[in-house]
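Participant: Here is the input, now give the coordinates:
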Amino acid sequence: MAKAIFIDGRSLNGLTRRIGIGSLDYKALLRILRTEVGACPDFWRFPVMTYHMQTEENRNFLDALRKRGFEVLESVSTHGADDRLLIDRINAVDPAEVTEVVMVSSDSDFLFPLRKLK
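Facilitator: Got it, this is the predicted structure:
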């Protein structure tokens, strides 16, 4: 059995700004999500993070996330496309393979697909 990790990048970035965090250490975040959240030591695929592409300057940042072990799903639309990408990935989870789901988001749009996994 495995743990699936999903991160709503837009929500995470907004939260860090609201609480005054200038930048996140994504390598440390991934370590915490893998080792200190939940009990399952095995992982279902790579941790998935959505990221809204605002400029080409973000390319280095996204490459760095990938090097740190994230699967980055890029969105170019501001109208919920990033949420749709993450919901599609959540819907692809096989409950027979996954015993734990870690969701990092302040968005309630993910409640329904997560509840279906029960």
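
Participant: what does the model give the residue positioned nearest the centre of the chain for pLDDT?
Facilitator: Centrality entry for the chain: nearest residue to the mean C-alpha point is residue 7, 1.7 Å, by C-alpha atoms, centre = their mean. At residue 7, the model reports a pLDDT of 87.

Participant: In stretch 85-100, which residues are buried?
Facilitator: For stretch 85-100, burial by neighbour count (16 or more other C-beta atoms under 10 Å) applies to 85-87, 89-90, 93, 98, 100. C-beta: built from backbone N, CA, C; applies to glycine.

Participant: want to throw those residues into TSV with pLDDT?
Facilitator: As requested, the buried residues of stretch 85-100 are exported to TSV (pLDDT from 0 to 100):
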residue	pLDDT
85	85
86	88
87	89
89	89
90	90
93	89
98	89
100	90
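
Participant: Please report phi then psi for residue 30.
Facilitator: The phi and psi values for residue 30, taken as degrees, to the nearest 10, are phi -60, psi -40.

Participant: Now do the strands in this structure.
Facilitator: 2-8, 48-52, 71-75, 98-104 (DSSP state E).
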